[in-house]
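Chemist: here's my sequence, what's the structure:
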Amino acid sequence: MKEVTAVGQNVDAAVESALAQLKTTRNQVEIIVVDEGKKGFLGFGARFAKVIVKRKIDPVEFVKHFLVDVCEKMGIQVHIEIQTNGRNILYELSGDKIALLIGKRGQTLNSLQYLAQLVINKEAREYYNITLDAEGYRERRKQALIQLAERIAHKVVKLGKEIPLEPMPSNERKTIHSALVRFKGVRTYSSGEDVKRHIIIAPFIQKGKIIKERQ
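Modeler: Next up, the predicted model:
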């Protein structure tokens, strides 16, 4: 129960009634006074006070409960640790079946991260940036992408022709771009739209010749 409408002889009485129903305290709720009520005269014209009491939602904890619920529905019990840095929130997931949450090349984890991003910014009054990790997967994936980028870059220089990579989410494309920004003889650019957007590693060419150094 997130919200209760309550009445009482006065505002305080109505609020106390609502708090009892929500089983919480004043510092955990937002109180909206709909009607302050009226004592009347000799019992005539009296009117009860009316309030709406809403639980204050901690969006960071709300997303944690959301993730636990989703994982349980997938048959996975998870432990979640939260690290906050301003509006950047990292949820580190661990558990016995963590590979199922990661999915092929992190696709399941990325989908969960996308949903968590939507949920937190629906509940919060300010924008949050969400990162979901699972037992250090993000760093392992980053290192694998860097190795892939360098391997393909060497091939591009050797063959003298561009090579497209598979579609990737924006954070992974950024890793590829950053890994090759100082790599001699190649350039990178993105192509495609939405889920088909991917990086192309191409030889750095000027006047028909492959340049071994970036200008």
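Chemist: can you check which helix is longest in the chain?
Modeler: helix 137-159 (DSSP state H).
Chemist: name the residues that touch it?
Modeler: Contact with helix 137-159 is made by 102, 105-106, 109, 131, 162-163, 165, 172, 175-176, 179-180, 183-186, 201-203, 210, as judged by CB atoms under 8 Å, 6 or more residues apart in numbering. For the C-beta atoms, the positions are set from N, CA and C on the backbone; glycine is no exception.
Chemist: repeat that for 6 Å
Modeler: The contact list for helix 137-159, computed with CB atoms under 6 Å, 6 or more residues apart in numbering, reads 102, 106, 163, 172, 175-176, 179-180, 183, 185-186, 201, 203.
Chemist: show me what the following helix or strand past that helix is packed up against.
Modeler: Sequence order places strand 163-164 as the next helix or strand after helix 137-159, per DSSP states H and E. Identification of packing neighbours for strand 163-164 by 3 or more CB pairs under 6 Å, 6 or more residues apart in numbering; DSSP states H and E yields strand 198-203.
Chemist: burial count for K97?
Modeler: 13 (other CB atoms under 10 Å).
Chemist: and the gap between it and N85?
Modeler: As judged by CB to CB, to the nearest Å, K97 and N85 stand 29 Å apart.
Chemist: who touches the host helix or strand of E61?
Modeler: Following DSSP H and E, one finds E61 within helix 59-73. Around helix 59-73, the neighbours that count as contacts under CB under 6 Å, 6+ apart are V78, I80, I89, A116, V119, I120, E123, A124.
Chemist: list buried residues within those residues.
Modeler: Buried residues within those, counting neighbours by 16 or more other CB atoms under 10 Å: V78, I80, I89, A116, V119, I120, A124.
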